[in-house]
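S.K.: Sequence plus the predicted model coming up.
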Amino acid sequence: MDEFDILKMEGGMRIAIEVLGASLLVMAAYLIAIEPFLHSVAPVVYAQTGLEYSRTNPPDTASEVTHLLLTVSAMGATLYWRLYFTDLGQQLRDEVAEEY
């Protein structure tokens, strides 16, 4: 069993899409509302705008670190809630447990 087999299980793809959707919503909210607010409240700390970090270029500004933390937190919280507090998550966890 590899990582992609989970997407073929019932509910696996739906949970993956929901986590991706949550991260896209956080990214959009950050760029549209949160970043401009942070610039107005703390212009010295959030002086540099834009998200220029990547896999090979780690975040080095307060704005990039804040964006990364918000995105990872939203993805983690969505995945945790979906897997441990919903029927679909319980069903997916049961299917994965049967495979092992």
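M.R.: Now that the structure is in, tell me what you want to look at.

S.K.: going forward, measure contacts and count neighbours with C-alpha atoms only.
M.R.: OK.

S.K.: which secondary element of the protein has the worst mean pLDDT?
M.R.: None of the helices or strands of the chain scores lower by mean pLDDT, DSSP states H and E than helix 5-8, at a mean of 82.

S.K.: what does that helix contact?
M.R.: 12-13, 16, 96 (C-alpha atoms under 8 Å, 6 or more residues apart in numbering).

S.K.: now that helix: how far from the chain's centre is it?
M.R.: 19 Å (C-alpha atoms, centre = their mean, to the nearest Å).

S.K.: now swap in stretch 93-100 and tell me
M.R.: So, by C-alpha atoms, centre = their mean, the centroid of stretch 93-100 is 24 Å from its chain's centroid.

S.K.: Flag every buried residue along it.
M.R.: For stretch 93-100, burial by neighbour count (16 or more other C-alpha atoms under 10 Å) applies to residue 93.

S.K.: Same question for stretch 67-80.
M.R.: Buried, per 16+ other C-alpha under 10 Å, within stretch 67-80: 67-68, 70-71, 74-75, 78-79.

S.K.: For the residue positioned nearest the centre of the chain, give me the pLDDT.
M.R.: Nearest to the mean C-alpha position of the chain, by C-alpha atoms, centre = their mean, lies residue 75 at 2.8 Å. Residue 75 is assigned 92 on the pLDDT scale.

S.K.: ok, it touching residue 23?
M.R.: Yes - with contact defined as C-alpha atoms under 8 Å, residue 75 reaches residue 23; the gap is 5.7 Å.

S.K.: Let me know how buried residue 29 is, in neighbour terms.
M.R.: 12 (other C-alpha atoms under 10 Å).

S.K.: What helices and strands are in contact with the helix or strand harbouring it?
M.R.: Taking DSSP states H and E as the criterion, residue 29 maps to helix 12-29. Contact analysis of helix 12-29 by 3 or more C-alpha pairs under 8 Å, 6 or more residues apart in numbering; DSSP states H and E lists helix 5-8, helix 62-84 as its packing neighbours.

S.K.: Pull out the buried positions in that helix.
M.R.: So, applying 16+ other C-alpha under 10 Å, buried residues of helix 12-29: 12, 15-16, 19-20, 22-23, 26-27.
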